[in-house]
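Asks: Structure of the sequence below:
(one chain, ligands or ions: 1)
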Amino acid sequence: MVQAKKQLLLQALYSAGLLQLFLASQRNKVTILMLHGVIDPNAPSAWKPLRSQLTTKELSKTLTILARYYHFVSLPEAAEMLAGTRPLVPHSLALTFDDGYRNNLTFALPILRQFKAPATVFLCTGNVTKQEPFWFDRLDYAVQSMNDKSHQGIPELKEIDFSNRENLTRSFITFIRKEKTNYPTDADMRSAINNLTERMEQRSGQGLADFFADDPWSGVLTWDEVQKAAAEVHFGSHGIDHCQLGLISPDAAREELLASREAIEFHTGSPCRHLAYPNGSFNNNLISLVKEYKYLSAVTSMHGLNRAGAEMFTLRRIAFPRNNSAAGTITVTTGLSAGWQKISKKF
Ligand SMILES: [Zn+2]
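Replies: From the prediction side, this is the model:
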């Protein structure tokens, strides 16, 4: 009901031209949108992740709206505008895809071409080289493989509600959020999660690794695919294996920044100078290393737009809007909806 009222109000503001006025006031800020996987729900697949996925239909619909109001630029172009080395084009918007899922090329790229929207894909080079699923996808599959009472006796799963898919989704998302902040280091978290996942895989006798290479949801790009796409898609670093870079030692962070950049440069033949912090995790020491290794920009998961002269290693992004109205979409991409939420929490 509250949502319906909000939609009506947004529609009224849009019809009165007020949202467009607000958008015009933001014209000199650069919008960087964050996406992950993009999936065609009709693609044959052995499973469906609990984590919500953007569909090809949603991507197409939102880009149709954005194309009316924004000028699509690549992330390197956006970074140059923000750094002041390229003239700022009003209403610039860049699309960035984290993780390096194959579906970014198979499902998203054909749609992006229609809109002449350049893409930057941030790769985890270790997952590409080893052709391994991400820990969060492997965990997701393992949890869903726990049928009947097979999850009983695994203490970590006591907060997961297996009663139906809706409850499972909600409790799994809460569980994963909690786990990410539950350990002093990334290695501690990995070790605990891997141990849990392995126990579940042993019980069910199944694992995502068995079929993930051909899986439309979780499959990761190969270097061959990266090389072929490199003329059309810009590839940046997302570290080696999705480590939370703010929670690892300086030596490990150096290795992540350098080895991932070198692997991407070797396979694409182009400089890799842009980074996305996995899980948005960074700290001041890490920023110093990012500068030392000659990256030109780093994007975070912090919500917001960027103005010229922004701190280049803590660039803000906005999650790709999935609202199907122009009013709702603009409200998200101008940062208005986040401001709205903050205000409504205060009252
Ligand atoms: Zn990521």
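
Asks: rest of the way, CA atoms for contacts and neighbours
Replies: Noted.

Asks: Break this protein down into its domains, please.
Replies: When the chain is parsed with automatic domain parsing, its domains come out as 20-131+214-346, 135-213.

Asks: mind exporting the helix or strand where residue 316 lies as CSV, just the C-alpha atoms?
Replies: For residue 316, the element it lies in under DSSP states H and E is strand 315-319. Backbone C-alpha positions of strand 315-319 (Å, rounded to 0.1, in the frame of the first residue of the first chain) are rendered in CSV as follows:
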residue,chain,number,x,y,z
LEU,A,315,33.7,6.3,-6.5
ARG,A,316,30.1,5.8,-5.7
ARG,A,317,27.6,3.6,-7.6
ILE,A,318,23.9,3.0,-7.7
ALA,A,319,22.4,-0.5,-8.0
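
Asks: Find the one among the domains of the chain with the highest mean neighbour count.
Replies: For the domains of the chain, the largest average neighbour count (mean count of other Cα atoms under 10 Å) is found in domain 20-131+214-346, namely a mean of 19.

Asks: Quick one: low-confidence residue ranges for the stretch 1-150 of the chain.
Replies: Regions of the stretch 1-150 of the chain meeting the criterion pLDDT under 70 cover residues 1-2, 148.

Asks: Tell me the residues on it that lie near the ion, please.
Replies: Within the stretch 1-150 of the chain, the positions near the ion by Cα under 5 Å from the ion are 98, 99.

Asks: quick one: the strands in the stretch 1-150 of the chain?
Replies: Under the criterion DSSP state E, counting those that start in this stretch, the stretch 1-150 of the chain contains strands at 29-35, 38-39, 54-55, 71-73, 92-99, 119-123.

Asks: I'd like those written out as a markdown table, with distance to residue 240 added.
Replies: Output for the strands of the stretch 1-150 of the chain, formatted as a markdown table (distance: least, Cα to Cα, whole Å):
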| stretch | distance to residue 240 |
| --- | --- |
| strand 29-35 | 19 |
| strand 38-39 | 22 |
| strand 54-55 | 24 |
| strand 71-73 | 26 |
| strand 92-99 | 10 |
| strand 119-123 | 8 |
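
Asks: Which one of those strands lies nearest to residue 62?
Replies: strand 54-55 (10.7 Å; Cα to Cα).

Asks: Check which helices and strands the closest one is in contact with.
Replies: strand 38-39 (3 or more Cα pairs under 8 Å, 6 or more residues apart in numbering; DSSP states H and E).

Asks: helices or strands up against the strand it packs on?
Replies: Contacts defined by 3+ Cα pairs under 8 Å, 6+ apart place strand 38-39 against strand 54-55, helix 56-69.

Asks: For residue 266, see how far away the closest residue to residue 322 other than its chain neighbours is.
Replies: Closest residue in space to residue 322, ignoring its immediate chain neighbours: residue 58 at 6.2 Å, by Cα to Cα, 6 or more residues apart in numbering. Remark: distance between residue 58 and residue 266 (Cα to Cα, to the nearest Å) = 34 Å.

Asks: next one: residue 281
Replies: Distance of residue 281 to residue 266, given as Cα to Cα: 26 Å.

Asks: and if you look at residue 239?
Replies: Separation of residue 239 from residue 266 (Cα to Cα) stands at 15 Å.

Asks: Over to residue 212?
Replies: Counting by Cα to Cα, the gap from residue 212 to residue 266 is 25 Å.

Asks: Do I have it right that residue 78 meets residue 95?
Replies: No - counting by Cα atoms under 8 Å, residue 78 stays clear of residue 95, with 10.0 Å between them.

Asks: ranges for the helices of the stretch 201-347 of the chain?
Replies: Under the criterion DSSP state H, counting those that start in this stretch, the stretch 201-347 of the chain contains helices at 223-229, 250-268, 284-292, 326-333, 336-346.

Asks: Equivalent analysis for the stretch 51-200 of the chain, please.
Replies: 56-69, 75-83, 103, 109-114, 125-130, 135-144, 165-180, 186-204.

Asks: Would you format those as a markdown table with distance to residue 18 included?
Replies: Below are these laid out as a markdown table (distance: least, Cα to Cα, whole Å):
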| stretch | distance to residue 18 |
| --- | --- |
| helix 56-69 | 14 |
| helix 75-83 | 26 |
| helix 103 | 37 |
| helix 109-114 | 29 |
| helix 125-130 | 45 |
| helix 135-144 | 41 |
| helix 165-180 | 36 |
| helix 186-204 | 45 |
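
Asks: so who does residue 67 touch?
Replies: Residues near residue 67 by Cα atoms under 8 Å, 6 or more residues apart in numbering: residue 115.

Asks: Same check on residue 139?
Replies: Neighbouring residues of residue 139 by Cα under 8 Å, 6+ apart: 193, 197.

Asks: Could you rerun that using 7 Å?
Replies: The neighbours of residue 139, taking Cα atoms under 7 Å, 6 or more residues apart in numbering as the test, are residue 197.
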